[in-house]
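Asks: I would like the atomic coordinates for the input below:
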Amino acid sequence: MTSLPHASPRLLVGLGSLVVAVAATWATRAAPNAPNGIDSWPRALLVRLRTDLRRGGSPARRWVLVAVWSLAVTVLHFGGLALGIYSRLFWWDLLTHATGGAGVAAVLLLGLRDRMPARATPWWLVAAVAAVGAWFEVYEFVFKRFWYGWSLRYYAVDTAVDVVVNATGAVAVVLVVVASRRLRTERPRSARDRL
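Replies: Reported below is the predicted structural model:
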């Protein structure tokens, strides 16, 4: 009888993912301007989604954009699996994780916007997305089999890169928020001001 790979040295990757997940969750709770009550976030997201869709307007359009983005990430992932693209193009996994991280950050930002200061820069999203990504790596370790044939080194690097690239997607969202706020607050200078 063969033992499961979970009991092999690759257990270090699963435990490492767990440690990163707990640390990133703690960092999210401690981050400046992060919405309180992380345990209540799922309910708050659903309530905000329902409210925004009922009211319509700009917030509803943003949710539709996030849904389209999510569909694109889903197509990237499952299309990549079905067509064997993950094993042929090394960057496919990076693209999928970056777009997924950006999508998670957008959902959190849109859904929790009324739980944070209006003009605060949402850097807490980076820790939150790293936490979500690390918890997903724990899920993969426990419930998936694709990594069974991987070496310890390959598995550790893949897991670390996945979490970092997820967080990079969140950084992109924060930078877009910062840039859009600056563009909205800057007023075009009049001809007299330019002289």
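
Asks: longest helix anywhere in the chain?
Replies: When the chain is parsed with DSSP state H, its longest helix is helix 152-185.

Asks: quick check, distance from that helix to the centre of its chain.
Replies: Offset of helix 152-185 from its chain centre (Cα atoms, centre = their mean, to the nearest Å): 7 Å.

Asks: For it, buried residues please.
Replies: 155-156, 159-160, 162-163, 165-174, 177 (16 or more other Cβ atoms under 10 Å). Quick note: C-beta positions are derived from backbone N, CA and C, even for glycine.

Asks: do stretch 67-85 as well
Replies: 69, 70, 73, 76, 77, 80, 85.

Asks: residue ranges of the helices in the protein, please?
Replies: 11-30, 41-55, 57-82, 85-88, 90-111, 124-143, 152-185, 191-194.

Asks: and the first one, what other elements does it pack with?
Replies: Read that as helix 11-30. helix 124-143, helix 152-185 (3 or more Cβ pairs under 8 Å, 6 or more residues apart in numbering; DSSP states H and E).

Asks: Going by neighbour count, which residues in the first one are buried?
Replies: Going back to what we said before, that points to helix 124-143. 124-138, 140-141.

Asks: the inter-axis angle of it versus helix 90-111?
Replies: 120 degrees (axes from the mean of the first three to the mean of the last three Cα atoms, to 10 degrees).

Asks: can you give me the mean pLDDT across helix 124-143?
Replies: Across helix 124-143, pLDDT averages out at 93.

Asks: swap in stretch 85-101?
Replies: The model assigns stretch 85-101 a mean pLDDT of 95.

Asks: likewise stretch 57-66?
Replies: 96.

Asks: Would you mind pulling the contact partners of it?
Replies: With contact meaning Cβ atoms under 8 Å, 6 or more residues apart in numbering, stretch 57-66 is reached by 49, 52, 53, 103, 106, 107, 110.

Asks: want to try a markdown table for these, with distance to residue 22 and neighbour count as columns?
Replies: Putting the contacts of stretch 57-66 into a markdown table (distance: Cβ to Cβ, whole Å; neighbours: other Cβ atoms under 10 Å) gives the following:
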| residue | distance to residue 22 | neighbour count |
| --- | --- | --- |
| 49 | 28 | 18 |
| 52 | 32 | 19 |
| 53 | 34 | 12 |
| 103 | 23 | 23 |
| 106 | 24 | 24 |
| 107 | 22 | 21 |
| 110 | 26 | 17 |
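
Asks: biggest separation within those residues, which pair?
Replies: Spanning the widest gap among the contacts of stretch 57-66 are 53 and 103, at 17.8 Å by Cβ to Cβ.

Asks: spatially speaking, which residue is in the middle of the protein?
Replies: residue 101 (2.7 Å; Cα atoms, centre = their mean).

Asks: residues touching the closest residue in space to residue 111 that isn't next to it in sequence, list them.
Replies: Spatial nearest neighbour of residue 111, excluding adjacent residues (Cβ to Cβ, 6 or more residues apart in numbering): residue 45 at 3.6 Å. Residues counted as contacts of residue 45 (Cβ under 8 Å, 6+ apart) are 107, 108, 111, 112.
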